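Engineer: take this sequence and fold it.
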Amino acid sequence: MNRWLTEAVPRGRVAAFRTLIYLFVAADLVIFTPWVRTRVSVPGDLYQPLLIGRLLPLPTPTETLVTVIFWALLLLALLAATGRAPRLLGWAVCALYLEWMIIAMSYGKVDHDRFGLLVALAVLPTAGRARHGDTTRTEAGGWALRVTQIAVICTYFLAAFAKLRFGGLDWLTGSVLARAIIRRGTDLADLIAQVPYLLIVAQFGIVAFELLSPMVFFLPPRWRLAMVGFFYSFHAVTIATITISFAPHLAAMTSFLPLERVRPLVWARRLLGRGSPEAATDAPEPRPDDVDPVPADQGPVTAGAGPALDDQAPVVGRPAGP
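Structural biologist: Take a look at the predicted model:
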C-alpha cells in the first residue's frame with residue numbers, strides 16, 4: 001500500500017501539475033468565482049459558515065477582508081506557478097483559497113467540484129522543488145499526485161452515494177436530467193430529450209460510471225489513460241448539454257496525465273526557431289584555425305577514403321607503384 005501511495009513520478013510532472021493548478025486558481029478568481037466579491041453586499045445575518053468556518057472560527061466577510069484575500073491570492077498564485085518557494089507560497093495559496101471557498105459556500109450552496117482542487121492545494125507544498133522537464137523521480141511528488149487522484153475519484157464515488165442516499169432509486173427513474181435541461185439546457189440537450197427513455201438510460205449510466213470510477217486504479221497505464229479520457233468526454237457532454245463545467249475538478253484530474261510531456265514553452269521556442277529566417281544563419285561560420293590542416297606531404301583526400309598505406313596490396317589488374 002505504501003509503495004502504491006508513494007509511487008515515484010518524474011519531477012517534471014510535478015512541476016507541470018503545480019504550474020497548472022496555481023494558474024487555474026488565478027483564473028478561477030477572475031473567471032469562475034468573481035461573484036464571491038459580491039457577498040459583501042449580503043447582510044451578515046445570512047452568512048452561515050461551514051463547519052470548518054465555525055471551528056476555526058473565521059470572521060464574517062467584509063468588503064475589506066474579501067478585497068485583501070482576492071488580490072493577495074491572485075498575486076501569490078501567479079508567483080507559486082513559477083515553482084519558486086514551493087512550500088511558503090504553496091501553504092499561503094492553500095490557506096487563502098480555502099478561506100475564499102468558505103466565503104463562497106457559506107450562503108446555502110456547496111459545490112462538490114472543488115474537493116479535488118482543495119486537496120491538490122493542500123498536498124502540493126509537500127512535493128518539494130521540481131523543475132519542468134526534470135526526469136528524475138520523486139516519491140514525495142508521487143504521493144501528492146496520488147492523494148489528488150484519490151480525491152478526484154472520491155468526488156465521483158461519493159456523488160453516486162449521495163444520489164442514492166437522498167434520492168433513492170427514484171433518482172435513476174425520475175426526471176432529474178429533464179429538469180436540468182428545462183432549467184439550463186442547450187439546443188443539443190433539447191434534441192437528446194426528444195429520444196424516448198434516453199434520459200432515463202443516461203441517469204442509470206451516470207450512477208454506474210460514478211460507482212465504478214475507482215476501477216481506474218486497477219487498470220494498466222494505457223487503459224487508465226483511456227478511462228480518464230472517458231471522464232473528460234463525460235464532462236464535455238455535460239457542458240454541451242446542461243452547461244455545467246466542473247472546471248476545478250477537471251484541473252485536479254490532470255494529476256492522472258503524463259504532464260511532463262506537455263512543454264508549451266519548448267514547443268513555442270522550436271516553432272519560432274524553425275519559422276524565423278535567421279534560423280539558418282544563426283550558426284557561426286567556422287574560423288580558419290578551427291579547420292584541421294592537411295599535412296603538406298599528403299595529397300587531396302577524397303570523401304570516404306582512408307589514409308594511404310605503403311604496404312597496401314595493389315588493385316587487381318593494375319601494377320604496383322606509381
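
Engineer: contacts only, for the residue lying closest to residue 198 once chain neighbours are set aside.
Structural biologist: Distances taken as Cβ to Cβ, 6 or more residues apart in numbering place residue 192 nearest to residue 198, at 6.1 Å, with adjacent residues excluded. (Each C-beta comes from the backbone N, C-alpha and C, glycine too.) Each residue near residue 192 by Cβ atoms under 8 Å, 6 or more residues apart in numbering is listed here: 181, 198, 199, 241.

Engineer: what is the burial count for the first one?
Structural biologist: In other words, residue 181. 19 (other Cβ atoms under 10 Å).

Engineer: next: residue 229.
Structural biologist: Residue 229 is flanked by 12 other residues according to other Cβ under 10 Å.

Engineer: could you check which helix or strand contains it?
Structural biologist: Using DSSP states H and E, residue 229 sits within helix 221-242.

Engineer: check contacts around the residue nearest to residue 258 when sequence neighbours are not counted.
Structural biologist: Using Cβ to Cβ, 6+ apart and skipping the chain neighbours, the partner closest in space to residue 258 is residue 13 (6.5 Å). Contacts for residue 13 (Cβ under 8 Å, 6+ apart) come out as 141, 145, 258, 259, 260.

Engineer: if I've got this straight, residue 13 is in a helix?
Structural biologist: Yes: counting by DSSP: H, G, I helix; E, B strand; the rest coil, residue 13 is part of a helix.

Engineer: and the gap between it and residue 81?
Structural biologist: Between residue 13 and residue 81 the computed distance is 15 Å (Cβ to Cβ, to the nearest Å).

Engineer: ok, now residue 189?
Structural biologist: According to Cβ to Cβ, residue 189 and residue 81 sit 36 Å apart.

Engineer: now do residue 171
Structural biologist: Separation of residue 171 from residue 81 (Cβ to Cβ): 40 Å.

Engineer: what is the neighbour count of residue 188?
Structural biologist: Neighbourhood size, residue 188 [other Cβ under 10 Å]: 13.

Engineer: now it: phi and psi?
Structural biologist: Residue 188 adopts backbone torsions of phi -60, psi -40, taken as degrees, to the nearest 10.

Engineer: residue 10 now?
Structural biologist: Dihedral angles of residue 10 (phi, psi; degrees, to the nearest 10) stand at phi -60, psi 140.

Engineer: just the one 10 residues further on next, same as before
Structural biologist: In this entry, residue 20 is assigned phi and psi values of phi -60, psi -40 (degrees, to the nearest 10).

Engineer: how about residue 60?
Structural biologist: Dihedral angles for residue 60 - degrees, to the nearest 10 - are phi -70, psi 130.

Engineer: ok, it touching residue 47?
Structural biologist: Yes: assessed by Cβ atoms under 8 Å, residue 60 is found in contact with residue 47 at 5.2 Å.

Engineer: what ranges do the helices span in the protein?
Structural biologist: Ranges of helices within the chain are 2-5, 11-27, 51-55, 63-80, 86-104, 115-123, 139-162, 170-173, 176-184, 187-193, 198-212, 221-242, 247-252, 264-275, based on DSSP state H.

Engineer: got the contact list for residue 183?
Structural biologist: Residues in contact with residue 183 (Cβ under 8 Å, 6+ apart) are residue 242.

Engineer: how close does it get to residue 245?
Structural biologist: Residue 183 is 15 Å from residue 245, by Cβ to Cβ.

Engineer: quick one: which of the contacts of residue 192 has the most company?
Structural biologist: Counting neighbours by other Cβ under 10 Å, residue 241 leads the contacts of residue 192 with 22 neighbours.

Engineer: worst-scoring helix or strand of the protein, pLDDT-wise?
Structural biologist: helix 264-275 (a mean of 75; mean pLDDT, DSSP states H and E).

Engineer: number of nearby residues for residue 45?
Structural biologist: Using other Cβ under 10 Å, residue 45 has 7 other residues around it.

Engineer: neighbours around residue 254, how many?
Structural biologist: By other Cβ under 10 Å, neighbour count at residue 254 equals 22.

Engineer: what does stretch 144-153 rub up against?
Structural biologist: With Cβ under 8 Å, 6+ apart as the criterion, stretch 144-153 contacts 4-7, 9, 13-14, 17, 115-116, 118-120, 123-124, 126-127, 213-214, 216-217, 249, 252-253, 255-256.
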